[in-house]
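In: Model the following, please.
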Amino acid sequence: MDKLLVHGGTPIHGAITISGSKNASLPILAATLLTEDDVVIRRVPDVSDTNYMVQILTGLGADVERFSGTVRVTATEISDTAPYDIVRRMRASVCMMGPLLARKGRCVVALPGGCVIGDRPIDLHIRGLEALGAKAEVEGGNVILSAPDGLKGATIDLCGENGPTVLGTDNVMMAATLAEGTTTITSAACEPEVVDLADFLNSMGAKISGAGTSTITIEGVGELHGTVHNVIPDRIEAGTFMVAAALAGEGVTLRRVHEGHLVAITGALRKAGHQVHFNDSGDACTVLRGDTPMPAEITTDPYPGYPTDMQAQMTALFATTPGKSKVTDTIFPQRFMHCAELKRMGANIHVADGQAEITGVKRLSGAPVMASDLRASAALVLAALTAEGTTEINRLYHIDRGYEHIDEKLEALGARVERVRV
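Out: Here you go, the predicted model:
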């Protein structure tokens with residue numbers, strides 16, 4: 001197990017390249033099970049979540065090769081049962097259900113694990129697959145789905161209590177590609193990662209339209225074929241480094257970003273008094289810390305609203321922003337475990353009813369802190385960049401789930417960080 005030592009007080013500057021999207025890579029890797037042909041996926045980030053997904057594919061019997069950000073999958077003969085010992089480590093493994101069910105007519109997938117940031121039930125996934133004709137039961141900690149008569153197109157509403165479900169939309173979309181007839185998903189998630197999956201499936205011969213809107217239509221086809229696909233840039237990694245630049249930067253440039261995916265994050269940073277400049281093609285941006293940072297309010301919402309995966313990082317920024325800021329999370333109201341650790345560093349934060357009120361302090365001080373989930377980990381790293389002294393961040397495996405070599409990228413920008421084996 002590793003920990004990260006961050007020696008605060010050194011401004012960051014320079015340029016780095018943003019990795020491929022973790023949240024897009026996971027369902028795309030799962031979707032390779034929909035064909036027997038070779039599939040090549042490029043720009044897959046080297047993070048533990050994608051490593052787990054590769055292990056699951058291998059455990060199912062697929063032939064998988066990974067090299068320099070490229071993954072080749074050939075799923076000629078596969079099992080319908082995903083191995084529990086790997087599935088339990090990562091919640092996103094639930095997106096195996098759709099492609100396995102479509103390809104094999106049956107699947108057995110353990111109830112998902114992953115970091116704990118509040119209840120995230122998979123009822124919508126199961127409801128959507130049942131609408132396509134599957135029968136579902138839970139036995140021995142596993143979800144068992146079967147479709148002895150095949151899958152058939154249907155109209156499915158995927159709106160949940162806290163809005164649309166991204167992985168649920170992915171699951172139903174993947175299953176519907178090989179279903180008989182036409183499937184219409186209403187209240188679909190609009191995230192760029194859903195669009196990337198649809199683009200990938202269409203390049204395999206699927207017939208999907210409407211991805212990126214609340215209504216997605218899938219016309220089932222008899223089979224899918226191999227393809228080569230480049231994963232989109234990771235908008236959450238980009239946003240995290242944008243906040244790092246606003247906190248501790250003297251001009252930081254991020255390459256291989258997508259301006260259209262970062263509108264809400266860009267707007268929040270500008271509202272807080274910082275400068276964000278994109279190049280003409282929108283694939284690179286430079287962030288400059290503002291001379292007079294200002295308090296602000298952000299509320300998370302489904303895309304294109306402000307992402308819940310970026311609220312912890314903005315909380316870290318507001319911790320040393322003069323005045324009172326407010327962060328409200330409507331997606332995961334319990335997602336404020338990072339605040340207790342930020343308070344150990346001297347932050348003034350009050351959390352109640354899915355909302356954090358942050359009164360900016362002049363400075364934070366380094367302290368031993370504990371990462372509780374992926375994005376909370378990132379918030380602690382960001383806060384540590386400007387804290388006085390050294391911050392020791394434990395349970396670094398959380399951040400390794402979704403950030404590719406974050407310590408190396410920070411070092412490339414001039415930060416003083418050390419990864420220490422415990």
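
In: Ranking helices and strands of this structure by mean pLDDT, which lands last?
Out: helix 84-87 (a mean of 83; mean pLDDT, DSSP states H and E).

In: pull the CA atoms of that one into PDB?
Out: Output of helix 84-87 as PDB, limited to C-alpha atoms (Å, rounded to 0.1, in the frame of the first residue of the first chain):
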ATOM      1  CA  TYR A  84     -16.400 -12.500  -7.900                       C
ATOM      2  CA  ASP A  85     -12.900 -11.900  -6.500                       C
ATOM      3  CA  ILE A  86     -12.300  -9.200  -9.100                       C
ATOM      4  CA  VAL A  87     -15.800  -7.900  -9.600                       C
END
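
In: Just the buried positions in it, please.
Out: 84, 86-87 (16 or more other Cβ atoms under 10 Å). Just so you know, the C-beta spots here come from the backbone N, C-alpha and C atoms, and that holds for glycine as well.

In: Over to stretch 211-219?
Out: For stretch 211-219, by 16+ other Cβ under 10 Å, it's 211-212, 214, 216-218.

In: how many neighbours does residue 322 have?
Out: 15 (other Cβ atoms under 10 Å).

In: Which residues are in contact with the residue lying closest to residue 356 once chain neighbours are set aside?
Out: Spatial nearest neighbour of residue 356, chain neighbours left out: residue 327 (4.6 Å); criterion: Cβ to Cβ, 6 or more residues apart in numbering. By Cβ atoms under 8 Å, 6 or more residues apart in numbering, the residues touching residue 327 are 297-299, 311, 314-315, 318, 355-356, 358.

In: Make CSV from the buried residues of helix 84-87 and add distance to residue 16 to it.
Out: Below are the buried residues of helix 84-87 laid out as CSV (distance: Cβ to Cβ, whole Å):
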residue, distance to residue 16
84, 37
86, 31
87, 33
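
In: Quick one: low-confidence residue ranges for this structure.
Out: 112-121 (pLDDT under 70).

In: Now do the helices in it.
Out: Taking DSSP state H as the test, the helices found in the chain are 22-31, 48-59, 84-87, 97-104, 123-131, 166-176, 192-203, 235-248, 263-271, 311-318, 337-344, 374-386, 397-400, 406-412.

In: can I get these in JSON lines with distance to residue 111?
Out: Listed next are those as JSON lines, based on distance: least, Cβ to Cβ, whole Å:
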{"stretch": "helix 22-31", "distance to residue 111": "16"}
{"stretch": "helix 48-59", "distance to residue 111": "15"}
{"stretch": "helix 84-87", "distance to residue 111": "9"}
{"stretch": "helix 97-104", "distance to residue 111": "11"}
{"stretch": "helix 123-131", "distance to residue 111": "11"}
{"stretch": "helix 166-176", "distance to residue 111": "14"}
{"stretch": "helix 192-203", "distance to residue 111": "22"}
{"stretch": "helix 235-248", "distance to residue 111": "25"}
{"stretch": "helix 263-271", "distance to residue 111": "32"}
{"stretch": "helix 311-318", "distance to residue 111": "26"}
{"stretch": "helix 337-344", "distance to residue 111": "22"}
{"stretch": "helix 374-386", "distance to residue 111": "20"}
{"stretch": "helix 397-400", "distance to residue 111": "20"}
{"stretch": "helix 406-412", "distance to residue 111": "29"}
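
In: Tell me which of those helices lies nearest to residue 229.
Out: helix 192-203 (4.8 Å; Cβ to Cβ).

In: Give me the packing partners of that closest one, helices and strands only.
Out: When contacts are defined as 3 or more Cβ pairs under 8 Å, 6 or more residues apart in numbering; DSSP states H and E, helix 192-203 sits against helix 22-31, helix 166-176, strand 207-209, strand 227-230.

In: out of those, nearest to residue 71?
Out: Here helix 22-31 is closest among the helices and strands packed on helix 192-203 (Cβ to Cβ), at 6.7 Å.

In: could you check the angle helix 48-59 makes with the closest one?
Out: Counting by axes from the mean of the first three to the mean of the last three Cα atoms, to 10 degrees, helix 22-31 lies at 0 degrees to helix 48-59.

In: so how far is helix 22-31 from its chain's centroid?
Out: In terms of Cα atoms, centre = their mean, to the nearest Å, the centre of helix 22-31 is set 10 Å apart from its chain centre.

In: Same question for stretch 212-231.
Out: The answer for stretch 212-231 is 20 Å, by Cα atoms, centre = their mean.

In: Check stretch 32-43 too.
Out: In terms of Cα atoms, centre = their mean, the centre of stretch 32-43 is found 21 Å from the chain centre.

In: list the buried ones in it?
Out: Buried, per 16+ other Cβ under 10 Å, within stretch 32-43: 32-39, 41, 43.

In: Closest to residue 108 out of those?
Out: Nearest to residue 108 among the buried residues of stretch 32-43, with distances taken as Cβ to Cβ, is residue 33, at 13.9 Å.

In: Adding mean neighbour count as columns, could you present the helices and strands packed on helix 192-203 in JSON lines?
Out: Output for the helices and strands packed on helix 192-203, formatted as JSON lines (neighbours: other Cβ atoms under 10 Å):
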{"stretch": "helix 22-31", "mean neighbour count": "28"}
{"stretch": "helix 166-176", "mean neighbour count": "29"}
{"stretch": "strand 207-209", "mean neighbour count": "16"}
{"stretch": "strand 227-230", "mean neighbour count": "17"}
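
In: Compare those and give me the one nearest residue 148.
Out: Closest approach to residue 148 among the helices and strands packed on helix 192-203 (Cβ to Cβ): helix 166-176, 14.9 Å.

In: Dump that closest one to PDB, restricted to CA.
Out: Taking C-alpha atoms only, helix 166-176 is exported to PDB below (Å, rounded to 0.1, in the frame of the first residue of the first chain):
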ATOM      1  CA  VAL A 166     -24.900   6.700 -16.600                       C
ATOM      2  CA  LEU A 167     -23.900   3.000 -16.200                       C
ATOM      3  CA  GLY A 168     -27.600   2.000 -16.500                       C
ATOM      4  CA  THR A 169     -27.900   3.800 -19.800                       C
ATOM      5  CA  ASP A 170     -24.600   2.100 -20.900                       C
ATOM      6  CA  ASN A 171     -25.900  -1.400 -19.900                       C
ATOM      7  CA  VAL A 172     -29.200  -1.100 -21.600                       C
ATOM      8  CA  MET A 173     -27.700   0.500 -24.700                       C
ATOM      9  CA  MET A 174     -25.100  -2.400 -25.000                       C
ATOM     10  CA  ALA A 175     -27.700  -5.100 -24.500                       C
ATOM     11  CA  ALA A 176     -30.100  -3.400 -27.000                       C
END
